[in-house]
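Undergrad: attaching a predicted model along with its sequence, questions to come.
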Amino acid sequence: MSTISLRPSALGRFVAVVLLFAATVVALPGVARAAGSSGNGSTDRAMWVWDTTDPGAIVDLAVATGITRLYAAVPPNVGTSPQLGDLTELVRQATAAGIRVDALGGDPGWVDNPTWVVTNWLRPALATGLFTGVHVDIEPYSTKAWSTKRATVVKRWLTTMDTLRANTGGAPLEADIPFWLDQVPANGSTLDRELMRRTDGVAVMAYRNTADGPDGTIALSAKVIRAGEDLGVPVRIGQEATYLGDAPTETKQTFYGHTRSAMEVQLSLVADAYAGSPAFAGFAIHDAAGYAAMTP
């Protein structure tokens, strides 16, 4: 999840998969109570949508699986983009189904020119009047500069978030963060907390296909949940459904190849672990194409 470029799509498979989901979704633990809910716990779920070319299939999938919020990828200068029509239709159908849609964007290069981001991405996205909030996925740690000039990159990342926050016009601002940012110092604190202080919520990318154990989702997300509790910032726990590769370090990060029933067992364990936390805001599934391709 690193660039504004839309991901390769499997949305052509949505219709068949959604019909299959609709027939089985009520039997899956956690999903039946998810539809139409909000607030703490597994009852509130979001989904990243990088390819918005089939709005009907996306909304059908969201309705069938209890998704209450979409992070929909928005290109720069969306007002003159051919994608505006698809986004408009996506928001229309999602709104009719009671699903919120936030503008999704991000690129590691954003930290080098936040003014460009405001002028060419943020303001045009908000000017459409389509989106309830703003969700960014910047990931500057994926660049060479993260290894060679980390302090500079950290400073620029925080400056970018400050600049975005100052220009949202009151729209909620959320961000994706990896689980390990508590290990990065920033402003006398840690980078995860400094980013959270600049947002209205975060999605922590604690990508594991097992909930328990020292390398499971619960352990990886625990410090971010604690930071959310301390700072009063909601935290969604991100879970991966797309193909990442065949190496053990890649397969453990995704539910690709698993069934949705098996995924729900693990999500229920995570939700139970954080049932008493005021910071736990549910889950975020990456992404729509991968999630649609999963079998019940």
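TA: Yes, it's here. Residues are numbered from 1 along each chain as shown.
Undergrad: now what about stretch 213-225, what contacts it?
TA: 177, 179, 181-182, 192, 202, 204, 206-208, 210-212, 235, 237, 239, 252, 266, 269-270, 273-274, 277, 279-280 (CB atoms under 8 Å, 6 or more residues apart in numbering). In this view, the C-beta of every residue, glycine as well, is placed from N, C-alpha and C.
Undergrad: neighbours around T199, how many?
TA: 21 (other CB atoms under 10 Å).
Undergrad: out of the contacts of stretch 213-225, which are inside helices?
TA: Those of those mapping onto helices are D192, Q266, L269, V270, A273, per DSSP state H.
Undergrad: now the closest residue to the third one other than its chain neighbours: phi and psi?
TA: In other words, L269. Leaving aside its chain neighbours, L269 sits nearest to A211 (3.7 Å; criterion: CB to CB, 6 or more residues apart in numbering). Main-chain torsions, A211, degrees, to the nearest 10: phi -80, psi -40.
Undergrad: what distance do you get for A211 to D44?
TA: 18 Å (CB to CB, to the nearest Å).
Undergrad: and if you look at G188?
TA: If you go by CB to CB, the gap between G188 and D44 works out to 33 Å.
Undergrad: with neighbour numbers in mind, choose between those two.
TA: Between G188 and D44, D44 has the larger neighbour count (other CB under 10 Å), namely 21 against 6.
Undergrad: hang on, the more buried one packs against A281?
TA: Yes: using CB atoms under 8 Å, D44 is in contact with A281, at 6.1 Å.
Undergrad: next, show the common contact partners of these two.
TA: Joint contacts of D44 and A281 (CB under 8 Å, 6+ apart) are R236.
Undergrad: show the pLDDT at F21.
TA: Looking at F21, its pLDDT is 38.
Undergrad: equivalent analysis for D54, please.
TA: So, for D54, pLDDT stands at 98.
Undergrad: next one: phi and psi at it?
TA: phi -130, psi 80.
Undergrad: mind listing what's buried in the longest helix anywhere in the chain?
TA: What stands out as the longest helix in the chain, according to DSSP H, is helix 150-166. Across helix 150-166, burial judged by 16 or more other CB atoms under 10 Å covers V153, V154, R156, W157, L158, T160, M161, T163, L164.
Undergrad: please apply the same query to stretch 285-296.
TA: I285, H286, D287, A288, A289, G290, Y291, A292, A293, M294.
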